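In: Here is my input; please provide its structure:
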Amino acid sequence: MKKIYNYRYSGVWPLLPSAKAGWKVLNSIFRIVNFVFFITFLMAVAADVAENFDSLEIVGNDGCFFIGTTMAVMKACKFWNSYNKIIKLIHEVYDPIDTLIRSSDRGILINIKRSHFEESIAHYGFCFLCTLFAFCILFLIPREKGSLPFRTVYPFDVTKSPYYELIMVYQYYCLIYLLAVVLAMDITTIGFIRWSSIQLITLTSNFKNCNIKLYKCTEVIKDPADTMKTFDQIDTLKVGYNDWDGEGEVREFLFFNSDERDFEDSFSGRFKICIKNHQRLIKTISDLNGTLSFLMLVQFGTSTFIICLNGYQMILKGGNPADLAKFLSYLVLSFTELFFWCWYGNEFTSVADTLTYNQWMSGWEEFAREHDLGDRNELTNLVTLSMIPTMEPLEFKAVGLFNLSMPTFLSVVKSSYSILVLLTQFTE
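Out: Numbering: from 1, shown residues only. Predicted coordinates for the structure are as follows:
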């Protein structure tokens, strides 16, 4: 994952243990310097708010950037503090995908290709929005001589040289660094959700494909040359929404790791593998919630106020095209960021809701008939009891308060609009 290098080189994460001691020291210094930079920036913005607290327009303008910067700092601190946990989660989420991508089933390859395509869309979309926002802040908005990109207050005269040039470079650096780190953290978090959904799609398909008479086990490609052919095959697959229902259907029993292939192929053998992977996936989602739920809560809270304050600034400065472009780009960036979080969380929950149905459609009646189970205790223990964990919703939650879903997204937008209406009425 290229995003890991972003974290290490930006100082959010430490370097690898194999790195030289000198580079490790520089990495630690870089992290501390960046932290001081952003705390100083927040203090300078807060000082401007305190100096102009009687102007709702200035408070709203400063609030947009203060809240956004605070969100980025909190996310970076959480990623730094949870470094070992996140590295473990990367293996838990992505290692099974490395096995699935070497499967012979065309359906799972199409699912993986589509997920990779969506990841690329999200990545380049965020890059474009971040670049547009930075361009509006740094170059589009005309400024008077001696003014800065962000309203801030310092204990010296920033209009004089060289203070003005130094503060300009400082604010440019803060903006670009902040956008780059936020981009990497958001794509990483969304990636966890999206690729967990691929694992869940595989699990639900495996439950349905436990009938050995109807579905064969997939072949796991071990030769690196054949693996490269699989990658080329994925690149050449043409996936369209019209082909999704047919082409994207998984028609083989899949494996999450190569060791699972060594078993006696039977209904009970397949079903037990499904139960094992279901328990593993429940633990993975629990670990993801435990590590990232705070970030989700921060995202919901800050997005509500950022959308509201940017909308308010657009109303106040609608006659100025440059200011309108600045706040509109910030609004679209925050709106899109929240939308992607909730969209992929909603997709994950939708797949999780089909677990019980696919367990029931696993072909257990054929298993019972073939084995002539008298009191069916074995069948009860194998199938019925395994359905109990699926009764509990499997979803991503923000500290247990909100789940990532489209209804939650609409609720945040409605809350932002309500606050915006109150601010507008207060101004009038």
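
In: quick one: low-confidence ranges for the stretch 301-428 of the chain?
Out: 318-319, 366-381, 427-428 (pLDDT under 70).

In: The chain too?
Out: In the chain, residues with pLDDT under 70: 1-3, 5, 141-146, 224-228, 230-231, 233-247, 318-319, 366-381, 427-428.

In: What segments of it are helices?
Out: Remark: helices assigned in the chain by DSSP state H are 2-10, 21-51, 56-81, 83-100, 106-135, 163-208, 224-236, 244-247, 267-316, 321-352, 355-360, 364-371, 377-379, 406-427.

In: May I see those organised as a markdown table, with mean neighbour count and distance to N257 added?
Out: For glycine as for every other residue, the C-beta is placed from the backbone atoms N, C-alpha and C. Below are the helices of the chain laid out as a markdown table (neighbours: other CB atoms under 10 Å; distance: least, CB to CB, whole Å):
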| stretch | mean neighbour count | distance to N257 |
| --- | --- | --- |
| helix 2-10 | 15 | 22 |
| helix 21-51 | 15 | 33 |
| helix 56-81 | 19 | 27 |
| helix 83-100 | 17 | 5 |
| helix 106-135 | 17 | 14 |
| helix 163-208 | 20 | 12 |
| helix 224-236 | 11 | 15 |
| helix 244-247 | 12 | 26 |
| helix 267-316 | 20 | 9 |
| helix 321-352 | 20 | 21 |
| helix 355-360 | 18 | 20 |
| helix 364-371 | 15 | 25 |
| helix 377-379 | 13 | 26 |
| helix 406-427 | 15 | 33 |
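
In: Which among these is found nearest to A398?
Out: helix 267-316 (3.6 Å; CB to CB).

In: now that closest one: how far from the chain's centre is it?
Out: Relative to its chain's centre, helix 267-316 lies at 8 Å (CA atoms, centre = their mean, to the nearest Å).

In: Could you check the angle that helix makes with helix 56-81?
Out: Inter-element angle recorded for helix 267-316 and helix 56-81: 150 degrees (by axes from the mean of the first three to the mean of the last three CA atoms, to 10 degrees).

In: Could you check the angle helix 267-316 makes with helix 163-208?
Out: Using the same axes, to 10 degrees: helix 267-316 against helix 163-208 is 150 degrees.

In: what's in contact with stretch 264-283?
Out: Residues from elsewhere that reach stretch 264-283 (CB atoms under 8 Å, 6 or more residues apart in numbering): 196, 199-200, 203, 206-207, 209-212, 217, 253, 255-256, 260, 263, 355, 359, 362-364, 366-367, 382-383, 386, 389-390, 394.

In: again, but for stretch 65-76
Out: 12, 35, 38-39, 41-42, 45-46, 49, 150, 174, 178, 181-182, 185, 295, 298-299, 302, 305-306, 309, 330, 334.

In: Stretch 32-52 now?
Out: 10-11, 58-59, 62-63, 65-66, 69-70, 72-73, 150-154, 170-171, 173-174, 177-178.

In: try 7 Å
Out: Residues from elsewhere that reach stretch 32-52, judged by CB atoms under 7 Å, 6 or more residues apart in numbering: 11, 58-59, 62, 65-66, 69-70, 73, 150-154, 174, 177.

In: for those, which one is nearest W80?
Out: Nearest to W80 among those, counting by CB to CB, is G11 at 8.7 Å.

In: What residues does the closest one make contact with?
Out: Contact analysis of G11 by CB under 7 Å, 6+ apart lists N27, F30, R31, N34.

In: What sits closest to the second one if chain neighbours are left out?
Out: Using CB to CB, 6 or more residues apart in numbering and skipping residues adjacent in sequence, the residue nearest F30 is G11, 3.9 Å away.

In: Now the phi/psi pair for the one you found, please.
Out: Per-residue torsions, G11: phi 90, psi 0 (degrees, to the nearest 10).

In: any idea how far H116 is from it?
Out: Per CB to CB, to the nearest Å, G11 is found 29 Å from H116.

In: re the thing from before, JSON lines please, covering the helices of the chain and showing distance to V399.
Out: Shown next, in JSON lines, are the helices of the chain (distance: least, CB to CB, whole Å):
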{"stretch": "helix 2-10", "distance to V399": "23"}
{"stretch": "helix 21-51", "distance to V399": "23"}
{"stretch": "helix 56-81", "distance to V399": "12"}
{"stretch": "helix 83-100", "distance to V399": "16"}
{"stretch": "helix 106-135", "distance to V399": "24"}
{"stretch": "helix 163-208", "distance to V399": "15"}
{"stretch": "helix 224-236", "distance to V399": "37"}
{"stretch": "helix 244-247", "distance to V399": "34"}
{"stretch": "helix 267-316", "distance to V399": "5"}
{"stretch": "helix 321-352", "distance to V399": "14"}
{"stretch": "helix 355-360", "distance to V399": "24"}
{"stretch": "helix 364-371", "distance to V399": "38"}
{"stretch": "helix 377-379", "distance to V399": "40"}
{"stretch": "helix 406-427", "distance to V399": "13"}
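
In: Between these, which one is closest to G400.
Out: helix 267-316 (7.2 Å).
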